[in-house]
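A.B. asks: model this:
(chains A and B)
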Protein chains: 2
Amino acid sequence: MPEPHTPEVNFVPDWPPGPLDAFREQSAFDFRQLKTVLEDINSLRLKYKIWKMLESEPLFAKIKPTPSVDEQKKIAAKQMMRVAKLDIVPPEVYAMGYLPRYRFLMSVNEALHAICPSLSIKIALGVGLFQNTLRAMGTEQHSSFYNAAWSREIVTCLAITEVAHGSNTKRIRTTATYDAQNQEFIINTPDFEAAKCWVGNLGKTATTAIVFANLFTPDGQAHGLHGFLVPIRNPLNLQLYPGVLVGDMGEKIGLNGIDNGFAMFTNYRIPRENLLNRTGSVNEDGEYMSLFSEPSKILGAALEGFSAGRLGIMQEATNTLAHSVVIAVRYAAIRKQFGPDKFGPEQPILEYQLHQWRIFPYLAAACVLKTSVYSLTDLYLKTIEKSQANSNGIDLLSQSVGEIHALVSASKPMYTWTARDAIQEAREACGGHGYLKASNLGELRNNHDACLTYEGDNNVLGQQASNWLLRQWVDGVESPMGTVNFIKRRKEILGNTFSSLSQRFEITSWQFINHCLEWLMCWLMQTIVNDMKVAKENGACPFEAKNNTQVYRAKDLSILYAEFYALSSFRLRCLKSDVATCLEPVLGLIYQIYGLWVIDRHMVAFYQGSFATGATFAESIRSNLLSSCRALKADAVTVADSLAPPDYVLNSVIAKSDGLLYQNLQNEFMTNPGALERANWWRDVLPFPKSKL
Amino acid sequence: MPEPHTPEVNFVPDWPPGPLDAFREQSAFDFRQLKTVLEDINSLRLKYKIWKMLESEPLFAKIKPTPSVDEQKKIAAKQMMRVAKLDIVPPEVYAMGYLPRYRFLMSVNEALHAICPSLSIKIALGVGLFQNTLRAMGTEQHSSFYNAAWSREIVTCLAITEVAHGSNTKRIRTTATYDAQNQEFIINTPDFEAAKCWVGNLGKTATTAIVFANLFTPDGQAHGLHGFLVPIRNPLNLQLYPGVLVGDMGEKIGLNGIDNGFAMFTNYRIPRENLLNRTGSVNEDGEYMSLFSEPSKILGAALEGFSAGRLGIMQEATNTLAHSVVIAVRYAAIRKQFGPDKFGPEQPILEYQLHQWRIFPYLAAACVLKTSVYSLTDLYLKTIEKSQANSNGIDLLSQSVGEIHALVSASKPMYTWTARDAIQEAREACGGHGYLKASNLGELRNNHDACLTYEGDNNVLGQQASNWLLRQWVDGVESPMGTVNFIKRRKEILGNTFSSLSQRFEITSWQFINHCLEWLMCWLMQTIVNDMKVAKENGACPFEAKNNTQVYRAKDLSILYAEFYALSSFRLRCLKSDVATCLEPVLGLIYQIYGLWVIDRHMVAFYQGSFATGATFAESIRSNLLSSCRALKADAVTVADSLAPPDYVLNSVIAKSDGLLYQNLQNEFMTNPGALERANWWRDVLPFPKSKL
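C.D. replies: Numbers count the residues shown, from 1 in each chain, chains lettered A, B, ... in the order given. Prediction:
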């Protein structure tokens, strides 16, 4: 019998009775107990409230079959306007401090994303990112825009990427040239390759854009990239203003509710005041002035506000990961196929070792990443908060920005790739029924897919993280958050081997796992630094030398750093006093499975670096991983329950919480629009009759 | 300057001039020379002819944006009827022998699949698989159905899978009970879990189904699974016949042109003659009679005809793999981002080692699998041909069926997983633009995805292959095709180590690679057999013992067997006399890249089995893989060209053969329906104006 949960989580209802009960009864804890370890209770309460509210909103009902792309855009845009009226964010939120306010908004984003990813991204881009950018780069004079975005008086977007330049933002070619006579900036797009593109909200709905362009003063001097507030459409009728060529980019693999657009400007004039002038401004006469000696560096720090977007993606990716694995676990608990006796009962596919190994590491990963993204967000928000509270804020920020940026840049790829692989494994683990649109796995995949390359391409971001790590290795550790303090112990760490560690620690202990990961990070850094040195001695330029350390090395290093941080923060969460004793065994298993799985995926490097030789290392990691998976089986459904949102949000016909797999499929099949009717195009496809058969 | 190609390939036109020429000129061979090594020239000619024909058919024009699911079904059904009238398969094909005829039909399938996957699968299921099943299980009395399916007098489908049973076909629960009084079989579906489902063509169009059901004679005796011809709809008006409940399963992740259906039968009567009675029949009085002592075994052999479906999937998957990698290579050749000098020119992303490592192994895989699927198909067709030419055919087939089945069961998962990973890597390697629907990568992924679980779930199929391999290991080698003759040398092979082999062979030599793979297969078989023995000694039942050898072991073994066969058959193809000398270097690189990449992916097991210790093995494999990738760079675009179909078929705006990436994107953006227009739902989403901004 599970232990009771605390009354504070009563807003999370019991699951309906059904065939999953047989599994649920095997757990010694209530799923809500684990749920409140993995997630903040206030955030949970808010999400449940929002989900309940939207479940009864007609505009948020699921539509079958998939509406046309244009219809999807319309629905997302209408939802965006509707959400603003629902009072989801009451005025008192604005009286909160920075951290709780931001937490609140992030929870709202998570809640919306889990139901309508296009909608949440439209809001995140059009409100959140726009406001963050204004706050980071604008001044007092832009506050009316700030408020107008919030109240939906304007619909906004952010135009950075150009057709030929995404990752290398420094090569953006749009220009903004100051015209002193009219006190205006003139925006120009030199050619189609410099057209702004992929701008969410721009395609059909935005009225105002922040456009990034190279600022030129009348003397012909370039002053680098700046942001400009550019009116796009008349908010009264959504007509484009004269002189701007704006279009919708067309259908995408997913997220078709978002109207991604492109824009080309030809001598398009905006007022001087529309320059976001926190780091540098142009006076009436056309002189460029900056308070900072290195405005570009400051800009970098200010733009670190974009990390919030990446944290949002990580939260979303964690939910996507969680939902996929919930679907896979519930399906596997009910679906039976084959059994020990040819004529006897069949067994649930969850019983198969291969099946456990395919999905339990993702179940563990979902738990670990839930806690880790929370603590990473905390680090981030506290740093920003401190910088805002201090008159010397931007300098303070500069000090911590490296470590935060590295942590986020390492983690966003790791999170999104883990979710990508989890969705795919879940889809395959659910067999043919997983291929039904109604399983929701295809939607999860197609919508999630964009995360891998937007808000910083995963491979490019990862390189930024490894660059920072290597600087710590070479130049000495400067780690205000302590995430790489272990580098100071590099000598001791590199002296470890599998055989020395395994004498001191159990393979499944956190110490053993932790030591392994520290060793590998140190070994990778040492190896990379050495390889680069050799390459340079052999005549390679720094650019080439660095590029040639990515494969097997720097790429793995940054992923490992993210995994290490995730595991460490999960452990810290588990150690807190609010964690019920009855949860200890399952939390231990989750730690082991994720930790051993991580080691397994990096196994070759351990051999390559002679941390281990012979069969024992691989055998122990793998056999312990398999036995930890077997041990988790009894709790797997309850762990999935603790990750699961309400059925309305999970939205999968093969994984409803009642476990009535086949009854739910039957309803689905019988009630699909037109399922039982003759096609109304039957005349077009009649067979060619010759004889009666 | 490339060498000239032979005039016989003139039907493959030159590519249009453009920025890709700079790469093309680096190759010492013409892409057509390589093309005719990778593919049969007759098959190529036929495919080009079909593509040319369909390019001018209005019904085959690409429609933007994606039509509704119902519209997609209508189009595919219309296409199916239209194709029958186009004389793509002229009558003389039917005068051909089995092997050339089947080759012809398979090439037609490939050609259609590359343009309209739903269409080709509709035909493959409705004509090919139906006819194969009739031939394998039916007799003279069913020949009118055979012909009618071909001429589209009937539209057909094959109903095996039930809602609750896919992989475990032995547990199918639909019954067919003979009623001697009326000389009819009465078909019954006991409940929804036994409803037939996932039946392609059944949802809206099929008029006749082959339904698999358990045959019961009036004495109440069960005689196992048999096939029955069951009329579903009236071919004159597509009305369902009374007494059958048939519906469409609704939207899927992809392949929405196929009308997958479900069916439930309630006392549904069909004539006695509709039993497919090759292996067993029921006389008028209701007595069951079989020519065979073990009809179920014979049925198994007869059903091996289904392997043709898996071979078709492998051909399709190889094309999907090829198309994905062509898109990634062409995009990477044109797309520039960053460069050694901050202010100097940027370099094509193809120049980056990481990028090469991400996509070149798939480029090599596409080449290897093209040749390998051809030779595997040859093996298969020749065996079936022999069995048909011989009065003792079914016995002959039984002898070879094990090896063919193992080879196909190992290869179908390996091919489809390789293609899955290639699509995903290509999608990410093309950045944001890869997320455009018009890149075609999303369509490739969503359509391909079904292959991973249909026609035999990949994991279940792989287990059948490893079971056969283990029997060879334990019971002695019986390998009519010679694919596992190496097992006879097991002692010698297991005596090899990295250090002994590397003294005798270059790391990049075929001998070295071959020896490594042979070693690993032997080591895996030895280990699995041993593990199972230990498990049984410890009380595990055979079912459990086998299940617990899948992870890291049997699963890897069957993939490796497929990779080994692929590499061997690629090598044999390269050794043929028609291969031009100028191709030798590039074919060597392709072999090396694929071979080393395969070893790299199985690296841990080599260490685990103490084939290698220390850094050298991993370092040499990996550094050679990277340098082979670098060496391939100059030819990468030409290799991609040799895999590429015409632009109309590749259908990717970011990878047209003219290399005009940005011009093509510009056309796409500007001409998307409604791209530049104000949304007609603008009134619904007006901002909430308060002030003028």
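A.B. asks: from what I see, A:Ser151 and B:Phe688 are in contact.
C.D. replies: Yes: A:Ser151 is in contact with B:Phe688 according to CB atoms under 8 Å; the separation is 6.4 Å. C-beta coordinates here come from the backbone N, C-alpha and C atoms, glycine included.
A.B. asks: which residues do those two both contact?
C.D. replies: By CB atoms under 8 Å, 6 or more residues apart in numbering or on different chains, A:Ser151 and B:Phe688 have these common neighbours: A:Ala84.
A.B. asks: A:Ile63: what secondary structure?
C.D. replies: Recorded secondary structure, A:Ile63: coil (DSSP: H, G, I helix; E, B strand; the rest coil).
A.B. asks: repeat for A:Val211
C.D. replies: strand.
A.B. asks: so what's it up against?
C.D. replies: A:159, A:174, A:176, A:187, A:196, A:227-228, A:230, A:263, A:265.
A.B. asks: can you name the next helix or strand after the helix or strand bottoming out on mean pLDDT in chain A?
C.D. replies: Here the helix or strand of chain A ranked lowest by mean pLDDT, DSSP states H and E is helix A:295-303, holding a mean of 58. Toward the C-terminal end, the helix or strand that comes next after helix A:295-303 (DSSP states H and E) is helix A:307-334.
A.B. asks: okay, buried residues for the helix or strand following that following helix please.
C.D. replies: Next helix or strand after helix A:307-334 toward the C-terminus (DSSP H and E): helix A:353-389. Using 16 or more other CB atoms under 10 Å in any protein chain shown as the test for burial, helix A:353-389 gives A:353-377, A:379-381, A:383-385, A:387.
A.B. asks: for helix A:353-389, give the mean pLDDT please.
C.D. replies: Here helix A:353-389 scores 93 as its mean pLDDT.
A.B. asks: stretch A:175-184 now?
C.D. replies: Here the average pLDDT along stretch A:175-184 is 98.
A.B. asks: export that stretch to CSV, keeping only CA atoms.
C.D. replies: C-alpha atoms of stretch A:175-184 as CSV (Å, rounded to 0.1, in the frame of the first residue of the first chain):
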residue,chain,number,x,y,z
THR,A,175,21.7,47.9,-42.3
ALA,A,176,20.2,50.8,-40.4
THR,A,177,21.7,54.1,-41.6
TYR,A,178,21.0,57.3,-39.7
ASP,A,179,19.6,60.2,-41.7
ALA,A,180,20.2,63.3,-39.6
GLN,A,181,18.0,65.5,-41.8
ASN,A,182,14.9,63.6,-40.9
GLN,A,183,16.1,62.1,-37.7
GLU,A,184,15.3,58.7,-38.9
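A.B. asks: quick one: contacts of that stretch?
C.D. replies: A:185-188, A:190, A:211, A:213-218, A:226, A:228, A:269-272, A:275, A:282, A:284-286.
A.B. asks: contacts only, for the residue nearest to A:Tyr146 when sequence neighbours are not counted.
C.D. replies: Using CB to CB, 6 or more residues apart in numbering or on different chains and skipping the chain neighbours, the partner closest in space to A:Tyr146 is A:Leu134 (5.1 Å). A:Leu134 makes contacts with A:142, A:145-146, A:149, A:210, A:276, as judged by CB under 8 Å, 6+ apart.
A.B. asks: could you rerun that using 10 Å?
C.D. replies: Shown in contact with A:Leu134 (CB atoms under 10 Å, 6 or more residues apart in numbering or on different chains): A:142-143, A:145-146, A:149, A:156, A:210, A:227, A:229, A:276, A:278, A:305.
A.B. asks: quick one: buried ones out of these?
C.D. replies: A:142, A:145, A:149, A:156, A:210, A:227, A:229, A:276, A:278, A:305.
A.B. asks: show me what the strand or helix carrying the second one is packed up against.
C.D. replies: So the one you mean is A:Phe145. Assigned by DSSP H and E, A:Phe145 belongs to helix A:143-150. When contacts are defined as 3 or more CB pairs under 10 Å, 6 or more residues apart in numbering or on different chains; DSSP states H and E, helix A:143-150 sits against helix A:130-137, strand A:156-159, strand A:208-216.
A.B. asks: out of the ones you listed, flag the one nearest B:Lys252.
C.D. replies: Of all the helices and strands packed on helix A:143-150, strand A:156-159 sits nearest to B:Lys252, with 33.4 Å by CB to CB.
A.B. asks: pull the distance from the following helix or strand past that closest one to the chain's centre.
C.D. replies: Using DSSP H and E, the helix or strand that follows strand A:156-159 in sequence is strand A:175-179. Chain-centre distance of strand A:175-179: 36 Å, with CA atoms, centre = their mean, to the nearest Å.
A.B. asks: what angle separates strand A:175-179 from strand A:208-216?
C.D. replies: Going by axes from the mean of the first three to the mean of the last three CA atoms, to 10 degrees, strand A:175-179 is angled at 80 degrees with respect to strand A:208-216.
A.B. asks: report the buried residues of strand A:175-179.
C.D. replies: A:175-178.
A.B. asks: likewise stretch A:413-426?
C.D. replies: So for stretch A:413-426, counting by 16+ other CB under 10 Å, buried means A:413-426.
A.B. asks: same question, stretch A:638-658
C.D. replies: A:638-647, A:649-658.
A.B. asks: just checking: which of these also lie near chain B?
C.D. replies: Under the cut-off given by CB under 10 Å from any CB of the partner chain, chain B has A:Val653 from the buried residues of stretch A:638-658 close to it.
A.B. asks: show the pLDDT at the closest residue to chain B within the stretch 251-400 of chain A.
C.D. replies: Closest residue of the stretch 251-400 of chain A to chain B, CB to the nearest CB: A:Ile253 (3.3 Å). pLDDT, A:Ile253: 98.
A.B. asks: tell me who's in contact with the residue nearest to it when sequence neighbours are not counted.
C.D. replies: Leaving out its chain neighbours, the residue that sits closest to A:Ile253 by CB to CB, 6+ apart is B:Gly442, at 3.3 Å. By CB under 10 Å, 6+ apart, the contact set of B:Gly442 is A:251-254, A:445-446, A:449, B:254, B:423, B:427, B:434-436.
A.B. asks: what strand or helix carries B:Gly442?
C.D. replies: Going by DSSP H and E, B:Gly442 is in helix B:441-448.
A.B. asks: for that helix, C-alpha coordinates in PDB please.
C.D. replies: C-alpha atoms of helix B:441-448 as PDB (Å, rounded to 0.1, in the frame of the first residue of the first chain):
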ATOM      1  CA  LEU B 441      13.100  15.800 -44.800                       C
ATOM      2  CA  GLY B 442      10.000  15.800 -42.600                       C
ATOM      3  CA  GLU B 443       8.000  13.900 -45.100                       C
ATOM      4  CA  LEU B 444      10.800  11.400 -45.600                       C
ATOM      5  CA  ARG B 445      10.900  10.900 -41.800                       C
ATOM      6  CA  ASN B 446       7.200  10.600 -41.200                       C
ATOM      7  CA  ASN B 447       6.700   8.200 -44.100                       C
ATOM      8  CA  HIS B 448       9.700   6.100 -43.400                       C
END
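A.B. asks: which element follows that helix toward the C-terminus?
C.D. replies: helix B:458-475.
A.B. asks: that following helix versus helix B:307-334: what angle between them?
C.D. replies: 120 degrees.
A.B. asks: can you pull the buried residues of the helix or strand that helix B:458-475 is followed by?
C.D. replies: Next in sequence after helix B:458-475, counting helices and strands by DSSP H and E, comes helix B:490-494. For helix B:490-494, the neighbour count (16+ other CB under 10 Å) marks B:490, B:493-494 as buried.
A.B. asks: where does the prediction get shaky in chain A?
C.D. replies: By pLDDT under 70, the weakly predicted segments of chain A are A:1-3, A:293-305, A:389-399, A:690-693.
A.B. asks: so A:Tyr607 sits against B:Ala605, correct?
C.D. replies: No: assessed by CB atoms under 10 Å, A:Tyr607 is found out of contact with B:Ala605, at 11.1 Å.
A.B. asks: okay, and the common contacts of these two?
C.D. replies: A:Ala618.
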